[in-house]
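Asker: Give me coordinates for this.
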Amino acid sequence: MGTLKRSGRVETVTDASPEQVWAVVADVTRVGEWSHECRGAVWLDGATAAVPGARFGGSNRLGRVKWSRVNEIVTADAPNELVWRTVPSRMYPDSTEWRIRIEREGDSTRIVQTFEVLKLNPVMDRLIYLVTPAHRDRLPALAGDIRRLGEVAAQQPAVPAD
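Answerer: Now for the predicted structure:
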């Protein structure tokens, strides 16, 4: 039996400005507009914005499998980079760090998304591998996500650079 990929990287280029991309990605409540798997998110514990330490709950669905995770913002460097991690719990003792890097490239913007599994016990690895085949290689779905992120961001009103 196989195991899950422990890291990955996808990227796309969009006509949206870095500020437009940031406006969408830093508002975690909008994740359902561009993610194939995360259907929505809500800020937790009084948080209202992406700042280090802020937590949010994400609701996910892939096929018939549904789950929710608590996440914590690790880095919020507007409009350049947002990093968050899934918070280990009794039910889900694993943790993955997600990073979206936003880079101006002439008149366009490059969006780079990476993930790295920080913690995953071997039994859970094999269980996820069996129950969620789409997680065996997430890169095609994640590439679609950031392409949609760029499309959603391009439809945002122009945001002046700081």
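
Asker: quick one: contacts of the lengthiest helix in the chain?
Answerer: Counting by DSSP state H, the longest helix found in the chain is helix 139-154. Outside helix 139-154, the residues that touch it by Cβ atoms under 8 Å, 6 or more residues apart in numbering are 5, 8-16, 20-21, 23-25, 30, 33-37, 100, 109, 111-113, 115, 134. Placement of C-beta: from N, CA and C, glycine included.

Asker: Inside strands: which ones of these?
Answerer: 8-14, 100, 109, 111-113, 115 (DSSP state E).

Asker: between the residues you listed, which is closest to Leu62?
Answerer: Among the ones in strands among the contacts of helix 139-154, Phe115 lies closest to Leu62 (Cβ to Cβ), at 15.0 Å.

Asker: That closest one: neighbouring residues, count only.
Answerer: Residues lying near Phe115 (other Cβ atoms under 10 Å) number 20.

Asker: my read: it touches Glu97, true?
Answerer: Yes - between Phe115 and Glu97 a contact is recorded at 6.9 Å, counting by Cβ atoms under 8 Å.
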